[in-house]
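Colleague: Model the following, please.
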Amino acid sequence: MKELIEERGKYKITYYSVDITETMKEKALAFAKDIILTDNQYSRLLPSQVRESNDVTLQNKIEIQRTYMGKLGELVFLKYLTENGRSVSTEGMFEVYEGQENVDHFDFITKSGHTVDVKTGFRQIHRRLLVNTDQFDGIPKDYYVAVKIDAIDVDGEQKLVDWEHISTATIWGYAEHSYMQRSAKVANFGEGPARWLYYNRLLGIDKLLEEF
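Modeller: Residues are numbered from 1 along each chain as shown. I've put the predicted structure just below:
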């Protein structure tokens with residue numbers, strides 16, 4: 001894990017580059033394939049041209065990618081906690097929920113019972129922590145952590161990235177739900193309205209570490 005520092009406003013903020021192991025990738029991909037290919041994943045928004053094409057193979061690949069990257073982001077944050085001597089429960093981290101109406105998700109829980117949701121970016125254009133407004137309002141979490149998988153685009157139109165050569169991710173920081181409610185803008189980046197903050201506007205992740 002590599003420590004990085006940048007100025008955000010008046011403060012010097014520490015953020016981290018984390019190595020992604022083959023084991024982490026294998027676990028995340030196995031989970032994603034299980035949940036998508038058995039029709040147990042909530043159907044997320046797809047690019048309109050993909051949905052209209054009725055190309056099930058491509059649709060599955062995009063859905064697997066989303067779930068894979070999301071689970072990988074959680075494993076990156078777990079590695080950060082573990083390497084900093086924190087022990088957290090991972091019960092339910094790889095649980096597959098029956099029925100497409102159930103969205104797969106996993107929350108980290110702090111010592112005081114606060115919920116932490118990891119939001120993962122993975123395309124080269126991703127520069128923001130995004131929280132879907134339906135989730136933000138209907139299933140609020142206390143904190144949102146931003147992880148960016150350092151992947152390379154292979155098909156920008158279909159939003160696909162290179163899965164094979166992922167080796168690192170960046171933990172940019174986090175934001176409190178109450179702060180996002182007050183200050184985050186709302187916009188639609190192609191997948192429905194979402195509250196958002198730029199990665200370089202987030203709090204340093206070490207401050208959240210104190211809660212574990």
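
Colleague: quick check: longest helix of this protein.
Modeller: helix 56-83 (DSSP state H).

Colleague: can you pull the buried residues of that helix?
Modeller: The neighbour-count check on helix 56-83 (16 or more other Cβ atoms under 10 Å) flags 58-59, 61-81 as buried. (Glycine included, C-beta is placed from N, CA and C.)

Colleague: how near is the most centrally placed residue in the chain to residue 170?
Modeller: The centroid of the chain falls nearest to residue 120 when counting by Cα atoms, centre = their mean (2.2 Å). Counting by Cβ to Cβ, to the nearest Å, the gap between residue 120 and residue 170 amounts to 11 Å.

Colleague: Find residues that contact each of those two.
Modeller: 147-148 (Cβ atoms under 8 Å, 6 or more residues apart in numbering).

Colleague: what distance separates stretch 123-130 from the centre of its chain?
Modeller: Centroid displacement of stretch 123-130 relative to its chain, using Cα atoms, centre = their mean, to the nearest Å, is 10 Å.

Colleague: mind listing what's buried in it?
Modeller: Buried, per 16+ other Cβ under 10 Å, within stretch 123-130: 123, 126, 128-130.

Colleague: Which parts of this structure are helices?
Modeller: Using DSSP H, helices in the chain cover 22-37, 48-53, 56-83, 133-138, 177-183, 205-209.

Colleague: rank these by mean pLDDT and give me the bottom one.
Modeller: For the helices of the chain, mean pLDDT drops lowest on helix 48-53, to a mean of 57.

Colleague: returning to that earlier point: okay, the helices of the chain in a markdown table with distance to residue 198 next?
Modeller: Formatted as a markdown table, those follow (distance: least, Cβ to Cβ, whole Å):
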| stretch | distance to residue 198 |
| --- | --- |
| helix 22-37 | 26 |
| helix 48-53 | 26 |
| helix 56-83 | 18 |
| helix 133-138 | 17 |
| helix 177-183 | 12 |
| helix 205-209 | 15 |
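
Colleague: closest one to residue 3 among these?
Modeller: helix 205-209 (9.6 Å; Cβ to Cβ).

Colleague: coming back round to it: tell me which residues touch the residue nearest to the residue nearest to the centre of the chain when sequence neighbours are not counted, please.
Modeller: Distances taken as Cβ to Cβ, 6 or more residues apart in numbering place residue 73 nearest to residue 120, at 3.0 Å, with adjacent residues excluded. Going by Cβ under 8 Å, 6+ apart, residue 73 touches 118-120, 147, 149, 169.

Colleague: Repeat that for residue 209.
Modeller: Contact partners of residue 209, counting by Cβ under 8 Å, 6+ apart, are 80-81, 84, 86.

Colleague: wait, which of the contacts of residue 73 is closest to residue 180?
Modeller: Nearest to residue 180 among the contacts of residue 73, with distances taken as Cβ to Cβ, is residue 119, at 10.8 Å.

Colleague: Could you check the pLDDT of the closest one?
Modeller: At residue 119, pLDDT is 97.

Colleague: Pretty sure it sits against residue 128.
Modeller: No - taking contacts as Cβ atoms under 8 Å, residue 119 lies outside contact range of residue 128: 9.3 Å.
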